[in-house]
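1. Take this sequence and fold it.
(one chain, ligands or ions: 1)
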Amino acid sequence: MEEEKIPAPGRELAGKVALVTGASRGIGSAIAVTLARQGAMVLVNYNGSGQRAGEVVARIEAEGGAARAVGCDVSDFAACGRMVEEIMAEHGHVDILVNNAGVTRDNLVARMSEDDYDYVLDINLKGAFHTIRHLTRYFLKQKKGKIVNISSVSGVVGNAGQANYAASKAGLIGLTKSVAKELAGRNICVNAVAPGFIETEMTQALPQRAREAAVASIPMGRMGSPWDVAELVAFLASGRSDYITGQVICVDGGMV
Ligand code: NAP
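-> Below is the predicted model of the structure:
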């Protein structure tokens, strides 16, 4: 049997550089803090919330970790390219990419505008393609890397009122599985995490009745926390999951 090479839990991401998109709040900020606690230098991407991204960086630094805020609208292909080049120039490598940036514009399909459809697809799905597209050549050269795409149970089973969002999240699953097959030969793992109903500003914005109905559909009878999602992402970003690729793992209290 081969010798155990996996570092002990704790600082297993020491020396790694991680880019987490949409990390200025919610699930992304919990992922950023969790990766930093395990030793990674974390690039905290944001679009509109620069001040809050700064607060995430300050929190990580207060805990003894390393982080920097990087502004970029992930729906902008060229801007993602510039962000990646700047990160590479400063750090020389990126080891972990977490595509977490996401938005909703819920409506029934009969009333959904083309703008609302495009807006959600451009950020949630094309945004992930943009960062993957720009970083892949470096991952290929490094012959290693971890990509984690934050999908949703809506993308796994669909959700009335979320045709645009569910399409984007189902698209992320197809993207994940295809890119996983393309990159597996170079030791690059690509997986998707599908959260259920998680307590963040995204779900706080829902009407009380919708929240109650969602909680009623969760076998565990409660919403999840961003930290529940972050733990799985940290595992998928670490050497502890080197033989796992192309998977979709739900963090949903039994919902799906
Ligand atoms: P959230 O609290 O609304 O945070 C969304 C994050 O995405 C913010 O940091 C926001 O940054 C960023 N973002 C939005 N547009 C962006 C853009 N164009 N470029 C870069 N960043 C952008 O949402 P959340 O609940 O934490 O959700 C995080 C991810 O988990 C999303 O992909 C979401 O679809 C997914 N998810 C959430 C749940 C849930 O129940 N909460 C369930 C399943 C999946 P700025 O404010 O700086 O723009």
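2. Report the buried residues of stretch 90-110.
-> Neighbour counts using 16 or more other CB atoms under 10 Å place 94-106 of stretch 90-110 among the buried residues. For every residue, glycine as well, the C-beta is placed using N, CA and C.
3. What parts of the stretch 51-200 of the chain come near the ligand?
-> Contact residues, the stretch 51-200 of the chain versus the ligand (CB under 6 Å from any ligand atom): 73-75, 100-103, 123, 150, 152, 195, 197-198, 200.
4. switch to 8 Å and redo it
-> 52-53, 71-76, 99-104, 122-124, 127, 150-154, 165, 169, 194-200 (CB under 8 Å from any ligand atom).
5. What about the closest residue to residue 214 other than its chain neighbours, how many residues nearby?
-> Sequence neighbours aside, residue 197 is the residue nearest to residue 214 in space, at 4.7 Å (criterion: CB to CB, 6 or more residues apart in numbering). By other CB atoms under 10 Å, 20 other residues sit near residue 197.
6. What of residue 44?
-> 30.
7. How about it, nearest residue that isn't a chain neighbour?
-> Closest to residue 44 by CB to CB, 6+ apart is residue 23, at 4.3 Å.
8. isn't the one you found right up against residue 42?
-> Yes. Residue 23 lies in contact with residue 42 (CB atoms under 8 Å); the separation is 7.5 Å.
9. Common neighbours of the two, please.
-> Counting by CB atoms under 8 Å, 6 or more residues apart in numbering, the shared contacts of residue 23 and residue 42 are residue 32.
10. picking up where we left off before, quick check: the farthest pair among the buried residues of stretch 90-110?
-> 95 and 106 (35.0 Å; CB to CB).
11. In the stretch 151-256 of the chain, what residue spans correspond to helices?
-> Here the stretch 151-256 of the chain has its helices, by DSSP state H, counting those that start in this stretch, at 153-157, 163-183, 201-204, 208-216, 226-237.
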